[in-house]
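# Give the three-dimensional model of this entry:
(chains A and B)
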Amino acid sequence: TQLLEQSPQFLSIQEGENLTVYCNSSSVFSSLQWYRQEPGEGPVLLVTVVTGGEVKKLKRLTFQFGDARKDSSLHITAAQPGDTGLYLCAGANRDDKIIFGKGTRLHILP
Amino acid sequence: DTGVSQNPRHKITKRGQNVTFRCDPISEHNRLYWYRQTLGQGPEFLTYFQNEAQLEKSRLLSDRFSAERPKGSFSTLEIQRTEQGDSAMYLCASSPHSETVLYGYTFGSGTRLTVV
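Numbering: from 1, shown residues only, chains lettered A, B, ... in the order given. Got it, this is the predicted structure:
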């Protein structure tokens, strides 16, 4: 069974601070995806990383895929209240369903 | 296209009643997925369809659960004889075949089920 573990589970920080959340697995994935979910809504895809060592940037968010394609990190610079939400890491393999981690609940204090 | 649509958004039912949820995927997506999400957890896979064929069902999907996708368009998820443990958000997602690795899913807003 493929599992994705995310850490930390909860994070509450002040506006303007930097943070990093992690996603780890013992399994190799064809890609890792990050989604953000707001209360009462479905997850929304932020980014997909495919190549080992790949780094992608989305404004203040930086995503990295581990060299062995088993782990990923999300770094947010100068966090803002609008970044508040549940961040889900998800692993995808070709022609198969996506496996989700339990998520990191992020709260940015103004 | 307005994305993935789920109805109803909220459902409160008494224990033992049957409920049915509907999902309308993005029209050109031939894959449709059902997930369940409880508080503090990530989405857990239930089942998925390619066109009208149900390709996989999770062990989480007891025999009280049934899903259909007639004609490969919309899908329904029925829960018979609901139990309090069925209370959760039921999420539907769709994707084009063979592009999930690169493009992931498009999710609907979910149906929040409360069994009292």
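
# got the contact list for residue A:28?
Neighbouring residues of residue A:28 by CB atoms under 8 Å, 6 or more residues apart in numbering or on different chains: A:68, A:69, A:70. All C-beta atoms are positioned from the backbone trio N, CA, C, and that covers glycine.

# repeat that with 10 Å
A:2, A:52, A:66, A:68, A:69, A:70, A:91, A:93 (CB atoms under 10 Å, 6 or more residues apart in numbering or on different chains).

# Could you list which of these also contact chain B?
A:91, A:93 (CB under 10 Å from any CB of the partner chain).

# Please produce CSV containing the contacts of residue A:28, extended by pLDDT and secondary structure.
Compiled in CSV, these are given as follows (pLDDT from 0 to 100; DSSP: H, G, I helix; E, B strand; the rest coil):
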residue, pLDDT, secondary structure
A:2, 77, coil
A:52, 92, coil
A:66, 93, coil
A:68, 93, coil
A:69, 92, coil
A:70, 93, coil
A:91, 94, strand
A:93, 85, coil
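
# Need the max-distance pair from the contacts of residue A:28.
Spatially, the most separated pair among the contacts of residue A:28 is A:2 and A:52, at 17.2 Å (CB to CB).

# beta partners of residue 92?
Going with chain A. Beta-bridge partners of residue A:92, counted by DSSP bridges, are residue A:31, residue A:98.

# my bad, chain B
The partner residues for residue B:92, given DSSP bridges, come to residue B:34.

# For it, which residues are in contact?
Counting by CB under 10 Å, 6+ apart, residue B:92 touches A:42, B:4-6, B:21-25, B:32-35, B:46, B:67, B:74-75, B:77, B:105-111.

# Just the buried residues from the residues you listed, in PyMOL please.
Remark: buried members of those, expressed as a PyMOL selection using 16 or more other CB atoms under 10 Å in any protein chain shown:
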select buried, (chain A and resi 42) or (chain B and resi 4+6+21+23+24+25+32+33+34+35+46+67+74+75+77+105+106+107+108+109+110+111)
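
# before we move on, the earlier item: out of the contacts of residue A:28, give me the one that has the most neighbours.
Counting neighbours by other CB atoms under 10 Å in any protein chain shown, the top entry in the contacts of residue A:28 is residue A:91, with 26 neighbours.

# so which helix or strand takes in residue A:23?
Using DSSP states H and E, residue A:23 sits within strand A:19-24.

# List the buried residues for that strand?
A:19, A:21, A:22, A:23, A:24.

# how about the residues you listed, which pair is most distant?
A:19 and A:24 (16.8 Å).

# Show me how far the strand holding residue A:23 is from its chain's centre.
In terms of CA atoms, centre = their mean, to the nearest Å, the centre of strand A:19-24 is found 7 Å from the chain centre.

# Same question for stretch A:22-41.
Mean-position distance between stretch A:22-41 and its chain equals 5 Å (CA atoms, centre = their mean).
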